[in-house]
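S.K.: Pasting the sequence and the predicted model now:
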Amino acid sequence: ADIGHLYAPQQVHIKWSERLEEEMWLQGDVEKQRDMKVSFLMDRSKPGVTKSQPGFVDFVVRPLFETWVACFPDCKMVTENLDKNYEYWKSKEAKPQTPT
């Protein structure tokens, strides 16, 4: 589930990324309540999943999907959608975020 949405159409991918981030932050909230060390990417006060997508794609997802497409060339849309979603996150990284 953590990587399947990365090749989905962009609006679906963004929604699932946000859901995953919220799920992870809820786990971090529980860890804080229990005086536990908060796990990586699960602390609301720090950048979460949506801020780490490019690195996750570069080191985990892209090598996997490129290998998949090399074996099954008819699945090229997987990397095409991945590239579009990757560019979305890279563009957000480049722009300074304004507080809401």
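M.R.: That came in fine, so what should we check first?

S.K.: For the protein, name the helix or strand with the lowest mean pLDDT.
M.R.: helix 49-56 (a mean of 88; mean pLDDT, DSSP states H and E).

S.K.: can you give me how far that one is from the chain middle?
M.R.: 5 Å (C-alpha atoms, centre = their mean, to the nearest Å).

S.K.: any residues touching it, and which ones?
M.R.: Here helix 49-56 makes contact (C-beta atoms under 8 Å, 6 or more residues apart in numbering) with S17, E18, L20, E21, M24, L41, N85, Y86, W89, K90, K92, E93. For every residue, glycine as well, the C-beta is placed using N, CA and C.

S.K.: same thing with stretch 7-14?
M.R.: H5, L6, W16, F65, M77, V78, T79, N81, L82, K84, N85, Y88.

S.K.: Could you report the neighbour count for the residue lying closest to the first one once chain neighbours are set aside?
M.R.: Across the structure, with C-beta to C-beta, 6 or more residues apart in numbering as the measure, the residue nearest H5 apart from its sequence neighbours is W16 (3.6 Å). The number of residues packed around W16, counting by other C-beta atoms under 10 Å, is 17.

S.K.: H13 too?
M.R.: 21.

S.K.: which stretch of helix or strand covers it?
M.R.: Element membership of H13, judged by DSSP states H and E, is helix 10-33.

S.K.: What are the buried residues along that helix?
M.R.: H13, I14, W16, S17, L20, E21, M24, W25, G28 (16 or more other C-beta atoms under 10 Å).

S.K.: I'd like to know how far the closest residue to the fourth one other than its chain neighbours sits from G4.
M.R.: The shortest distance from S17 to any non-neighbouring residue, by C-beta to C-beta, 6+ apart, is to T50 (5.4 Å). With the distance defined as C-beta to C-beta, to the nearest Å, T50 ends up 17 Å from G4.

S.K.: With neighbour numbers in mind, choose between the two.
M.R.: T50 (15 against 9).

S.K.: Distance-wise, check the more buried one relative to R62.
M.R.: 18 Å.
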